[in-house]
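**Q** just coords:
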C-alpha cells in the first residue's frame, strides 16, 4: 500500500529541527533510522502530514566530551 501524501523536511542543524517542529506542531513526526514509522505509514496506521528527517544533522552523531561531560549523540550507532 502507498502512504498518504506528506511533506518531507531534512534540517541540517538541531536548531533548524526544533524550529520546524515548533512551527509544524503535532502534525510532524521525526524520522531517525531503524524506525517503524515507514511501515506503519505504508499500512496507513500512521498518517503524519510532515516527516522531519534527522539523518543529516551531524551534531546528533558520535561520542564526544564537552566540558567534562560525555555526550552520546541521539543518532549514534554502534
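**A** Received the coordinates, thanks. Keep in mind it's a predicted model, so treat the numbers as computed, not measured. Numbering: from 1, shown residues only.
**Q** show me what the lowest-mean-pLDDT helix or strand in the chain is packed against.
**A** Lowest mean confidence among the helices and strands of the chain (mean pLDDT, DSSP states H and E): helix 37-42, at a mean of 86. Helix 37-42 makes packing contacts with strand 28-31 when contacts are defined by 3 or more Cβ pairs under 8 Å, 6 or more residues apart in numbering; DSSP states H and E. Where C-beta positions appear, they are placed from N, C-alpha and C, glycine not excepted.
**Q** which helices and strands does the strand it packs on pack with?
**A** helix 14-24, helix 37-42, strand 50-53.
**Q** and the shortest one, what does it pack against?
**A** With contacts defined as 3+ Cβ pairs under 8 Å, 6+ apart, strand 50-53 has these neighbours: strand 7-9, helix 14-24, strand 28-31.
**Q** pull out the buried residues from the least confident helix or strand of the chain.
**A** 37, 41 (16 or more other Cβ atoms under 10 Å).
**Q** just to revisit the earlier point, between the helices and strands packed on strand 28-31, which one is nearest to residue 62?
**A** helix 14-24 (13.5 Å; Cβ to Cβ).
**Q** residues making contact with the closest one?
**A** Residues outside helix 14-24 that contact it (Cβ atoms under 8 Å, 6 or more residues apart in numbering) are 9, 11, 28, 30, 49-50, 52, 54, 57, 59-60.
**Q** farthest-apart pair in these, please.
**A** Farthest pair in the contacts of helix 14-24, by Cβ to Cβ: 49 and 59, 25.9 Å.
**Q** for residue 11, give me its contacts.
**A** So residue 11 contacts 17, 19-20, 52-54, 56-57 (Cβ under 8 Å, 6+ apart).
**Q** mind redoing it with 10 Å?
**A** 17-21, 52-54, 56-57 (Cβ atoms under 10 Å, 6 or more residues apart in numbering).
**Q** export the residues you listed to TSV and tack on neighbour count?
**A** TSV is the format used below for the contacts of residue 11 (neighbours: other Cβ atoms under 10 Å):
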residue	neighbour count
17	22
18	12
19	12
20	16
21	17
52	21
53	15
54	18
56	13
57	20
